[in-house]
Structure formats: structure tokens, C-alpha cells
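# any chance you could fold what I've pasted below:
(chains A and B)
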Amino acid sequence: MERTPSLAALVLPATLLVCAVMVAPMLLLFRYSLNLYSPTELMIEAISPANYLRALTDSYYHEIMLTTLRVAMLCTLISLICAFPPAYVLARMQGGWKSWLTILTLFPLLVGNVVRAAGWMALLGNTGLVNTALRGAGVTEEPVRLLYTEGAVVAGIVAVVMPYMILTLASVIESIPRNVEEAAANLGARPWRVFRHVVLPLALPGVAAGSALVFILCMNAYATPVLLGGPQFKMMAPAVYDQFVRSTNWPFGAALAFILLAVTLTLTLVGSATLQRRYRR
Amino acid sequence: MTTLTRRGALGGTAAALAALSAGAPRPTFAAGGQCTVGTWGGDYQDLLIANIDTPLIKPQGIEVLYDVAVAPPRKTKLIAERASRRGSMDVACLSDVDMFEMAQLNLFETIDATRVPNTANVVPALAKPYAIPHIYSGQVILYNPDKVSAPPKSYADLWDPRYRNRVGFADGLYLQVFSSAALVGGGSMSNFEPGKAKLKELRELGARVYPSNEALAVALKGEEVWLTIMWLARGFMWKKGGINITHAVPVEGAQPIVFDMAVPKNARNKDAAYAWLNASLDPKAQVAFADKMGYVNTVTNATLPPELQAQIGFTPEQQANFRKPDYEYIAKNNSQLLDWWNREFKG
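The predicted structure follows:
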């Protein structure tokens, strides 16, 4: 008789892989974050909270964190609102069209973030398509500043994360039996009421999962803020990159990375827990 | 009938691979076989291929691989690999300022002149123990001659209120903008601090920062920016590309920029790397870089056509007036200067 391997043994290879390629580098990075910066020796071995204290007490980094949170929340909200209707349509669709539409939803993911940002730059630049059209139509004489603004970053990030939100929501909406909606309608509920009292509460796990996924992606966005936000606009991921690559200040960069990780993790857990509690009620 | 089990198949494959690797020649990672050059992409890489790789390195039986990136990630890679016995680059290309910073961390071999005979021809002022100077240019003022009627004479002209909102810089050149502001504000190449107040003034005058040289070029072309600080070589290329600009060497003195090449201590193919360095100093290759990219040769045995020399070179007086960067000062202060630039000037 063949012996069934225990569950723990099944999890072992993946666990070892994650430990080797993710946990170990992160531990090393955490160790770096406690070191002190030296311009001539890269870093001085120490166990010091100085980098964390600097990041937590410096108003410049508060502002960067607030910008990151504002952009991430706004993008999550916009993508949630915009993704729900197409996700519903996709979930309720039958037949061949459904797989075509799923592929079309995935299509933007086939193009890298940088390439997509380049497309936005061609659209929004001072000599870009939008400004040329506006000037051609006589709406404005001077180019309107569209590129290198927070609006451009939000638009760019929303376009990046939309497929994730649509597909997560669609998979959960699919599992809601159609007949519960029909039952509500039969009892006289109008479509909006069916949505508010039946579909939305049942889709809350999807809303929680999609929002968590998208929020994490937005908090860590790098290419879009750099390319569409320009040099004056700062979010956390580019700030971390700057410390590592341009300032060669690895200890401080590592501390910023862990602060970003902690804030993202805390907010994601709190957000998901709140939604789950509402779902249970 | 024999059945093929998974275990048997795996065992067989492993045995076959072992047999193959024992009998077959090993992949040529050994010296002479390959040379990995960490470099910028674009025109620079194209010229490396056309003028160094194809005519001078390939005939020696060396295959060149390119690790293409801008300078900051290359610096980070060199640092990240410093403890590794086998680095990923055999030759690293960096600007003189970056090269000094990396050399301070003891990352490079001391150049062995016997293995790079062409170092005998290097302009003495550009020579250094840890790298060879490949090409150089100088930092000048670029301006739009149609918009700026009186040609600027000094960096101080960038502070002229007539050019409000029309001065722009590339983010990557923050050190150069800093040093220019320092010279205007009474500082020196070893003290950029007085530049901070001047930069604040310039910010009030609406100076803009663009994320890359390319973005700045678009702004110059669209006449959004009339004046900037840039390498003369870059100005030469932009002019060739149809941007309406000309240059002025400021009275404070042009600041030379040298692009260097070095061999990391953990390079795997040092012989190939030295062959590459030697080829880079070849007079023909040097003239080709001058002609296409506008960078001046670093060897005395290369001669540029006079009209090209007039466009990209510096007169002996201008050369005597060069403001050389204080590498040590920059290496020590880069982090705080960048921090200030990000917060106060750009923020």
C-alpha cells in the first residue's frame, strides 16, 4: 500500500523555497536597516534605531508616506467602483464571449508598466496628443499641465491595477447564485436594492480580496509615479530606490522599506478584517 | 517487458548529463573567452560595438556581452557583488565622480599598464590608478539663441529674471547644478554649501527639473526651456538632432566630465577586460566617439578634424580654466546634497 505523505511534508518544498528567496534576503535587509551610513565605507556595523527614528520623525518622509497613502487609497477606490460593473457582466456572462472578454481584461497585463507609462506620456505631455488636440480645437493657447501631476499618476496606476480588481471581483460574483438575485427581484426589489442588499454583501469577500491586492500594488508602485509624476512627485517606493541607488545609503533605504512594508501590512490587515466583520454580520 | 519508471528516467538522464559534461568541452567562461561590459545603452553601446567590439575585440577571439543600465543601478550592482568571488562584470563604465566613489570602496583592480599598453598615450591630467579615461567633455551652458538674445557669459546669467520659468535641468545632473550655483554664490568645487541659497533663489524664479536628459531635450525642443547646464557633447548631439541650441563656456570655467572604465576586483575574465580597456584607447575608436557623440579623445595620438574640434573641443585657455570636481568632497557629501536637492529644490 502506498503511504500518503503528511500535509506538513507537502508544504515543505514551497516553504523552503520561500525561506531561501524571500525571508533570508529580508532578514539581511532588516539587519542592514540597523547599521549606520558611511559615505566612505558604505555602512558601519551597528545595532541602532537611528534610521527608523530619522524616517519617523522627519516631516519630509511623513509627507511622502501621506502622498503614498492618498494615492493608493484613491486608486483602490476608483478601481473598485470602475471594476464592479464589468466584473458583474463578466461573471454573469455565458458561452464563448466570456473567455474572449476574460482574455481582453488580461490583455493590458501583457504590456509592461513602463511601456504603458510611455503611452500615457505620449498622451499627456505638453506636446502630446491631448494638448495638441486642445490647442488645435482652440480651447487653449498654452499647453495644459497634465503630465507630472498627481492626477496623471492616479490615472496611470488605476489602468495598471484594473485587471486585478475585475478578475478578483468576477470570480467571487460568479459564486453568488443567480437565483438569490431573482428571488429578491421577485419579491419586488428594484435592481439598485438587489445590488445593495444582495449582491454587494455577498460579494464583500471579493471586494476585500481585490481591494487588498490592489492597495498593496498601489502602495508599492514604482515605475508609474517616477515616469508620470516626474521629479517633484514622491511616493515611498521611488524614495526607497533613491536611497539605495542614488544616495548609496543602504541602511536608511532598508529602514524606509520596512516602514513601507509595516504600514502596508497593517492597513491591509485592518481593512480586510473590517470588511470580513461586516460580511459576517 | 521493461517499464520505464520516473525514478529510472531521472537517474538515466542524470547519468547521461554527467557523461556528456565529462566528455564535452566545458563552456568557455575562462579568460579570453568572454568579456562582460557594464555600460549605458543607446548610442554609447552602439558605438562600443561598432568601434571597439567588432573591429578590435572580436578578432582576438573574445565574445563581448553587454550589461546595459544607467549608472546608479550599475554602482549598486558593483556594491552588492563586492563580497562575491565571481562578479558579473569584467569592465564597468562610470563617470569619473561615480568611479571615484566606487574606487573608495576598494572595488577595482589597479590598472596594470603593461597589460594596457595604450595607457602610455593617455592625457596625463586624466590618468588615474584605478580606471582608464575613455572619453571626456565639459559642462557648459546650452541656450536657445532665438530666445536668449545676449549670449550668457556666466552661470550667474541663469539667475537673470528675464529667464523666469525658462531655466530647466535634468534631475541626474543635480551635482553639476549644485556646483554651478556654489560658484555663483561664492562657494567652490570643495564647498557647495553657498549654492543652497542660490538654488532657492533659482527655484523662486521658476526653474524646472526634468526626470531625464531626454525629457529635458523635449522641453528644449518645445521651447519650454531656454537655458540649461549640460555636457557640451550632449549639446552637440542635440544640435545634430535638430534642437535649436548653442553653447557658452562660462567665465567660472567649464567643469570637465570624464567617462572612465575599470576592472572590478572580482571580474572573471581579467585578460579579456584588459584587452577591452586597451582597445578603448585606440585612436580610431576615440575619433569615432568624437564624431558621433561629441566626446573629446583622451589619448594624445588621436587627432580630430579641425571643424569637429571647434565644435566639441576646448581651447588651451579653456582647458587651463577647467574646474575639476573635488571627488573626495562629492563622495562625502553626495548623500546630503541629493537629500537637499530632493527636499528643498525639487520639493
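# what residue is smack in the middle of the chain?
All of this is about chain A. A:L217 (2.2 Å; CA atoms, centre = their mean).
# nope, chain B
Centrality entry for chain B: nearest residue to the mean C-alpha point is B:S95, 3.9 Å, by CA atoms, centre = their mean.
# for the helix or strand encompassing B:M261, what is the distance to the chain centroid?
In the assignment (DSSP states H and E), B:M261 maps to strand B:255-262. Distance of strand B:255-262 from its chain centroid, counting by CA atoms, centre = their mean, to the nearest Å, is 6 Å.
# stretch A:122-134 now?
Distance of stretch A:122-134 from the chain centroid (CA atoms, centre = their mean) equals 27 Å.
# same check, this time on stretch A:257-264
In terms of CA atoms, centre = their mean, the centre of stretch A:257-264 is set 14 Å apart from its chain centre.
# quick one, phi psi at the residue nearest to A:I44 when sequence neighbours are not counted?
Spatial nearest neighbour of A:I44, chain neighbours left out: A:L36 (4.4 Å); criterion: CB to CB, 6 or more residues apart in numbering or on different chains. Bear in mind the C-beta positions are built from the backbone N, C-alpha and C, glycine included. The phi/psi pair for A:L36 (degrees, to the nearest 10) reads phi -110, psi 150.
# same deal with B:F169?
The phi and psi values for B:F169, taken as degrees, to the nearest 10, are phi -130, psi 160.
# just the helices in the chain please.
As the question left the chain open, I've gone with chain A. A:7-18, A:24-33, A:50-57, A:59-92, A:96-106, A:113-124, A:129-136, A:150-174, A:178-186, A:191-194, A:200-219, A:223-229, A:236-241, A:250-280 (DSSP state H).
# think we crossed wires, I meant chain B
Using DSSP H, the helices of chain B run over residues B:6-23, B:42-48, B:71-80, B:96-104, B:174-184, B:194-204, B:213-221, B:232-240, B:270-280, B:283-293, B:306-312, B:316-320, B:327-340.
# same list (those helices) but as a markdown table, adding mean neighbour count, mean pLDDT and distance to chain A.
Conversion of the helices of chain B to a markdown table gives the following (neighbours: other CB atoms under 10 Å in any protein chain shown; pLDDT from 0 to 100; distance: least, CB to the nearest CB, whole Å):
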| stretch | mean neighbour count | mean pLDDT | distance to chain A |
| --- | --- | --- | --- |
| helix B:6-23 | 10 | 46 | 14 |
| helix B:42-48 | 16 | 90 | 15 |
| helix B:71-80 | 19 | 93 | 4 |
| helix B:96-104 | 21 | 94 | 6 |
| helix B:174-184 | 24 | 96 | 9 |
| helix B:194-204 | 17 | 97 | 11 |
| helix B:213-221 | 19 | 91 | 7 |
| helix B:232-240 | 20 | 95 | 16 |
| helix B:270-280 | 23 | 96 | 24 |
| helix B:283-293 | 20 | 93 | 24 |
| helix B:306-312 | 14 | 93 | 28 |
| helix B:316-320 | 11 | 89 | 30 |
| helix B:327-340 | 18 | 93 | 4 |
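# my guess is A:V144 meets A:G128, correct?
No: look at A:V144 against A:G128 with CB atoms under 8 Å: they stay out of range, at 10.3 Å.
# between those two, which has more neighbouring residues?
For A:V144 and A:G128, the more surrounded residue by other CB atoms under 10 Å in any protein chain shown is A:G128, and the numbers stand at 17 against 14.
# how many neighbours does the nearest residue to that one once chain neighbours are set aside have?
The shortest distance from A:G128 to any non-neighbouring residue, by CB to CB, 6+ apart, is to A:A122 (5.7 Å). Neighbour count for A:A122, taken as other CB under 10 Å: 13.
# and A:A122, how close does it get to chain B?
In this view, A:A122 and chain B are 11 Å apart by CB to the nearest CB, to the nearest Å.
# surely that residue and A:T132 touch.
No: distance between A:A122 and A:T132: 10.6 Å, which falls outside the contact criterion (CB under 8 Å).
# before we move on, back to that, what's the closest non-adjacent residue to the residue nearest to the centre of chain A?
A:L217 sits nearest to A:V161 (CB to CB, 6+ apart), 5.3 Å away.
# show me what contacts the one you found?
A:C75, A:T76, A:S79, A:V214, A:L217, A:C218 (CB atoms under 8 Å, 6 or more residues apart in numbering or on different chains).
# A:V89 now?
Going by CB under 8 Å, 6+ apart, A:V89 touches A:L101.
# okay, the helices of chain B in CSV with distance to A:V245 next?
Formatted as CSV, these follow (distance: least, CB to CB, whole Å):
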stretch, distance to A:V245
helix B:6-23, 39
helix B:42-48, 19
helix B:71-80, 4
helix B:96-104, 11
helix B:174-184, 14
helix B:194-204, 23
helix B:213-221, 17
helix B:232-240, 22
helix B:270-280, 24
helix B:283-293, 25
helix B:306-312, 30
helix B:316-320, 33
helix B:327-340, 11
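# and of these, who's closest to A:S48?
Closest approach to A:S48 among the helices of chain B (CB to CB): helix B:327-340, 16.9 Å.
# pairing-wise in the sheet, spell out the partners of B:P256.
B:G138 (DSSP bridges).
# so it touches B:V140, yeah?
No: the criterion here is CB under 8 Å, and B:P256 misses it with B:V140 at 10.8 Å.
# of those two, give the one with the bigger neighbour count.
A direct count of neighbours by other CB under 10 Å for B:P256 and B:V140 places B:V140 higher, at 25 against 21.
# isn't that one up against B:T228?
No: between B:V140 and B:T228 there is no contact under CB under 8 Å: 9.8 Å.
# in stretch A:201-209, what counts as buried?
Buried positions in stretch A:201-209, judged by neighbour count with 16 or more other CB atoms under 10 Å in any protein chain shown: A:L202, A:A203, A:L204, A:G206, A:V207, A:A208, A:A209.
# nearest to chain B, of these?
Closest approach to chain B among those (CB to the nearest CB): A:A209, at 34.1 Å.
# quick check, pLDDT for that closest one.
At A:A209, the pLDDT value in this model is 93.
# check A:L34 too.
On the pLDDT scale, A:L34 gets 97.
# ok, the one 4 residues further on next?
At A:S38 the predicted local distance difference test score is 88.
# dig out what it forms beta bridges with.
A:L42.
# who's B:C93 bridged to?
Here B:C93 sits in beta bridges with B:M261, going by DSSP bridges.
# fine by me, we can end here.
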